[in-house]
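Trainee: Below: sequence and its predicted model.
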Amino acid sequence: MPRYTGSCHCGAVRFAIEAVIDRVTECNCSVCRKKGILHHRVAPAQFELLSPADALGCYQFGSRTARHHFCTQCGIHVFTRPRAAPELYTVNVRVLDDFDLETARPQVLPFNGREWEAHAGALGAAAAPPPA
């Protein structure tokens, strides 16, 4: 399985994932839309934080289930522990250092996060990571 590394703009937050990135989720909720996040889910066994955890900030709102992690130095959003599956990680593929969206052209799955309660079931298998 391919291994990718990701980082914030200043490099204080670094992580690695093992994943085949053939699809990403584009959520239109107020947070994801404003940040321009493209999500890709990975299981904890496929995620490794390479930098000290104290470089991470966390933003929560609404139900306070989702944990939106960002660099406390430069503010770049790097990954989320999502509300729909808080045991997983959704990495922001835009911060992967060695993944080229233009070349890879993954399928982009739209998600209506503005109406999260009505559409959360759509996140199911389509956005699930491959088995570990």
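Mentor: That came through fine. Residues are numbered from 1 along each chain as shown.
Trainee: starting at the chain centroid, how far to stretch 48-56?
Mentor: Centroid separation between stretch 48-56 and its chain, computed with CA atoms, centre = their mean, to the nearest Å, is 15 Å.
Trainee: tell me which helix or strand of this protein sits lowest on mean pLDDT?
Mentor: helix 124-127 (a mean of 47; mean pLDDT, DSSP states H and E).
Trainee: got a list of contacts for stretch 50-64?
Mentor: Here stretch 50-64 makes contact (CB atoms under 8 Å, 6 or more residues apart in numbering) with 5, 12-16, 31, 66-73, 78, 83. C-beta: built from backbone N, CA, C; applies to glycine.
Trainee: 10 Å instead?
Mentor: 5-8, 10-16, 29-31, 49, 66-75, 77-81, 83, 116-117 (CB atoms under 10 Å, 6 or more residues apart in numbering).
Trainee: Buried members of those residues into ChimeraX, please.
Mentor: The ChimeraX command for the buried members of the contacts of stretch 50-64 (criterion: 16 or more other CB atoms under 10 Å) is given here:
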select :6,7,8,12,13,14,15,16,29,31,49,66,67,68,69,70,71,77,78,79,80,81,83,116
